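Student: Fold the following and give me the result.
(2 chains)
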Amino acid sequence: MRSEYDVVVIGGGPAGLAAAIKAKELGMDVLLLERREYLGGIPVQCVHPGFGLHYFGEDLTGTEFIHRFIEKFRGMGIEHYTNAHVLNVVSRSYWHKVLTVVTEEGLFEVRAKTVIYAAGARERHAFEIGITGHRVAGIYTAGEAQTMMDVYGVMPGKEIVIVGSGDVGLIMARRFTLEGAHVKAVVELMPYPGGLTRNVVQCLEDFGIPLYLSHAVTRVEGNKRVERVIVTRVDENLKPVPGTEEVIECDTVILAAGLVPYLKVIEKAGVEIDPATGGPVVNSYLETSVPGIFVAGNALVINDLVDYVVEQGEEAARGAYEFVKNGGLPSLRWRKLVKGRNVRLAVPHYLSDTRDTIVYARVKKPEENVVLRFPEIGKEVRLPFVKPSEMVRVKLRKEEIARAGGRITMEVVGDE
Amino acid sequence: MKTRVVIIGAGVVGASIARVLSRYENLEVHLIEKAVDAGMGVSKANTGIIHPGHEDDPDRYPLRAKLCVRGNRLWYQWTQELRIPAKWPGELMVALEEEDMKVAEHYLELARRNGVPGVRLVDRDELLKLEPNVNPNAAGALWAPTAGMMSSPVAAVALTENAVDNGVRFHPETEVRGIRVERGEVKGVETNRGFFEADVVINAAGLYADKISAMAGIDTFTIRPRRGQYYIFDDDAGPKVRRIVHQTPTPTTKGVYVITEMNDGVMIGPTAEDLPEDAKDDTSTTREGLEFVWEMAKKLVKGLPPRKKVIRTFAGLRPEPPDGRWIIEAYDDPLGFINVAGIRSPGLTAAPAIAHYVVEELIQGKLDVKLTQKSSWNPYGRGFWFKALPREKQAELIKRDPAYGRVICTCRTITEGDIVNAINRMKRMGVKTISLDGVKLRTGVMGGTCQGAFCRVRIASIIAREAGIPLWKVTQKGEGSEYGIGDVKVLLRGEKDEE
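Tutor: As a prediction, this is how the structure comes out:
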């Protein structure tokens, strides 16, 4: 490991690989650090299809998708380490960040002009979602179960209850069934499924797996391993309704209850966090509030599609390139992106008219036949439907951004 | 000839006794434990406070009062010798209302009578300076500066390991089936792993001490489980407290504690729920219990970290004897049988003092066993953490063993080197089943933000490699808690697992 780079990418998943490849293509001096023992991140454990429709125009499995990136990355000879843990990132000055890195070759201090943080997300676990009862074997997050099955070849269990009907939960239901397990229920807190309709049909209905809407797993019971779960109906405030408890016998509970950006390292570096996304506050260059630290992928905002993650990685690399090439980003007036009606989260938080910017957003509640409006710049996009589980992606051209004063509101309104 | 001693139960109490006994050369000491590892019973889950010793009334509970104060002092020494991570932030017993100050004064008087140093009343202004996050409407508090904290299962493991280093034999996964008594004297202990001859049998079986005692013919008491539920927040979540904070006890509740535990996460709890006598394994949490803890803690401090920063909820059981009295006794019939039973709070604090009391007053005193000191006795533990080392030492260590350069638990910065070291220490200590919980206890892996979702499979595969077993057979805490149920494709094809 050398002592100085233009850009150090933290994370060797799709966002990190895409960022490193793009940065190298732009002629920068790149180091990539991955904490696991292999490159590729989460797609390595995803043997199901649905990857790359936007980016490659093909329907690939996660492993096929990420393989293409790993091959390209390797072919470019980009310096990288696996089993590399970043202890901390310190911003010493506008121009220099210092990373302390542990690898099996030793402990390194590395100077970087820019850092692209692409360390992904972590999964919410049982204690965060109010599951009480016994702490026994047989409770896994979906990601852990996937890694067990598809990377390490271990079968987690036989009689399965899945918590959460987002795409991850739905796909796990099918995955377990195909592997010979019996999925007894998918339990969803909300009154509607969290994932794509396509996945509800292909992963549950085709296999006759029951979906419990407006229900929660409130308790896990067992002696050494899970023996049963208690499932309870919830009211409109999502509170369990006493007297509606139902027992489901099972040996395994899989939690697919959502993701949270994993920010330990850069939080300590002082980046500002948006409570709505759980990720850092960023500008059009995907630069955080610590200059020269960029962020992409699920560490920025929880994405639905790997294609968006890759797009953000490349965008962060372009941001880093501007930073390195121009001796810092231009001084300019940022326009704040303001969340209006039925917008729960939106990134980037600050927009500039120096570049076209893709805005990613999520709504609070499902609606049909709506208009996505940016009143200050007079932009409207008609959408047949919006729902919280499906990210809204819209490109604002720099000329459009230039039309606004200090703020740009984004709102979802009825189609009049 | 050596005197044979069998200790039943490798919790903090049993392991403390083992450590003290390991100083003598004319003893052959066996420490028997039914779980896969030390510290997996009562010691596994509690608040971990080393109490100052002003909460026990010397008239009602003279032994408790005396041993707690002495235990507090001994832990200063023992935690250093054994390298058990501990800290000593002092404790504030907060009077939320003006009339609670009378309760605080009562405990000040007990502190004086028990000989607890440094205890005094503080008014609201001083309270808020000592602890800025306490409820600003509190009337004042009783300040006890000698209070400390540590993790009790870590302590149980460190004590057991040190005892083994000094010649004690540790027998995990060994369940007692009977106590053999002949002509009024104990002769030994029947277990699932055979018969252990013994001249002295010490019952430190925690929640099951009543059952063990009955096997020796002493069935005069029952131990009831009292459950305590807790929350732990992520280490980066605030606001925190600097000191150990709890409420003045009331007739109905002792109130909950708010502390910043050893790994820097705020911890709140416990409840005090009396469970039926047969619920000795019920360490489950409940919605009601956790809600109670939340409401109580909210009264005590100005701010708790946000709920979404909770990384773990758990429950532990304390053994509650009749009338709250510890049963620490040697008997004339059967001679050689010693009960150390019903060691409720402040049992963790008192454990070293209980151990000395048992050895000096009961074994040496009452049973008249002559004890000869070993010429060399090693008081020091093997506690070791990569992340606690200075940078140069870390670099040196990685150079010697690259496994220390592979960080497995990224939330807590625990390396493969730490894990392998822990596994080797487990083997050396006599642990038969290298469990995920055992590795967790010794290293802190899986205790952070992700609670193992990222790292558990890697830890399990390291255990599988070091223990020479298939990955899926690695257990959380022994047989019946396997990590998986088999190999994916072998199961699907219905073939026999070759391993």
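
Student: When you work out contacts or count neighbours from here on, use the C-alpha atoms and nothing else.
Tutor: Fine.

Student: List the beta-bridge partners for residue 373.
Tutor: Chain wasn't specified; assuming chain A. Residues in a beta bridge with A:Arg373, per DSSP bridges, are A:Glu380, A:Glu411.

Student: was after chain B, sorry
Tutor: B:Tyr24.

Student: Format the CA atom coordinates belonging to stretch A:134-146 as CSV.
Tutor: In CSV, the C-alpha atoms belonging to stretch A:134-146 read as follows (Å, rounded to 0.1, in the frame of the first residue of the first chain):
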residue,chain,number,x,y,z
HIS,A,134,-36.1,-16.1,24.0
ARG,A,135,-32.7,-15.4,22.5
VAL,A,136,-32.2,-18.8,20.9
ALA,A,137,-30.5,-20.2,17.8
GLY,A,138,-32.4,-20.1,14.5
ILE,A,139,-32.9,-16.3,14.1
TYR,A,140,-31.1,-14.8,11.2
THR,A,141,-31.2,-11.7,9.1
ALA,A,142,-32.0,-12.4,5.5
GLY,A,143,-28.5,-11.4,4.5
GLU,A,144,-26.9,-13.7,6.9
ALA,A,145,-29.1,-16.6,5.8
GLN,A,146,-28.2,-15.8,2.1
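
Student: and that stretch, average pLDDT?
Tutor: Averaged over stretch A:134-146, pLDDT sits at 97.

Student: The longest helix along chain B - contacts with which helices or strands?
Tutor: Identified as the longest helix of chain B according to DSSP state H is helix B:62-81. Helix B:62-81 sits against helix B:100-114, helix B:347-357, with contacts defined as 3 or more C-alpha pairs under 8 Å, 6 or more residues apart in numbering or on different chains; DSSP states H and E.

Student: what about whichever helix or strand comes after the last one, distance to the chain center?
Tutor: Sequence order places helix B:391-400 as the next helix or strand after helix B:347-357, per DSSP states H and E. When C-alpha coordinates are averaged (C-alpha atoms, centre = their mean, to the nearest Å), helix B:391-400 and its chain have centres 32 Å apart.

Student: any residue of helix B:391-400 up close to chain A?
Tutor: Yes. Counting by C-alpha under 8 Å from any C-alpha of the partner chain, chain A has neighbours in helix B:391-400: B:391, B:394-395, B:398-399.

Student: can you list the residues that contact that helix?
Tutor: Outside helix B:391-400, the residues that touch it by C-alpha atoms under 8 Å, 6 or more residues apart in numbering or on different chains are A:104-107, B:386-387, B:404-405.

Student: for chain A, what helix or strand is lowest in average pLDDT?
Tutor: Least confident helix or strand, chain A: helix A:197-199 with a mean of 88, by mean pLDDT, DSSP states H and E.

Student: returning to what we had before: ok, of the residues of helix B:391-400 next to chain A, which come out buried?
Tutor: B:394-395, B:398-399 (16 or more other C-alpha atoms under 10 Å in any protein chain shown).

Student: Next, format those as CSV and append pLDDT.
Tutor: CSV is the format used below for those (pLDDT from 0 to 100):
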residue, pLDDT
B:Gln394, 94
B:Ala395, 94
B:Ile398, 96
B:Lys399, 95
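
Student: which residues in the stretch 251-400 of chain A form strands?
Tutor: A:252-255, A:259-261, A:293-295, A:335-339, A:345-347, A:350-351, A:357-362, A:367-374, A:379-386, A:392-396 (DSSP state E, counting those that start in this stretch).

Student: And for the stretch 101-250 of chain A?
Tutor: So, for the stretch 101-250 of chain A - with DSSP E, counting those that start in this stretch - the strands run A:106-117, A:121-123, A:132-133, A:139-141, A:154-155, A:159-163, A:182-187, A:211-212, A:215-222, A:226-233, A:246-249.

Student: Check which helices and strands the last one is in contact with.
Tutor: The elements that strand A:246-249 packs onto, with contact taken as 3+ C-alpha pairs under 8 Å, 6+ apart, are strand A:226-233.

Student: Touching the strand it packs on from outside, list them.
Tutor: A:136-139, A:187, A:214-222, A:240-242, A:244-253.

Student: Now a PyMOL select for only the buried ones of those residues.
Tutor: Filtering the contacts of strand A:226-233 down to the buried ones (16+ other C-alpha under 10 Å) takes a single PyMOL command:
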select buried, chain A and resi 136+137+138+139+187+214+215+216+217+218+219+220+221+222+240+245+248+249+250+251+252+253
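
Student: pLDDT wise, what is B:Ala65 at?
Tutor: pLDDT at B:Ala65 comes out at 96.

Student: where do the helices sit along the stretch 1-150 of chain B?
Tutor: Using DSSP state H, counting those that start in this stretch, the helices of the stretch 1-150 of chain B run over B:12-21, B:62-81, B:100-114, B:124-130.

Student: which of those helices sits most buried?
Tutor: Mean neighbours per residue, mean count of other C-alpha atoms under 10 Å in any protein chain shown, is largest over these for helix B:12-21, with a mean of 29.

Student: Quick check: mean pLDDT of that helix?
Tutor: 98.
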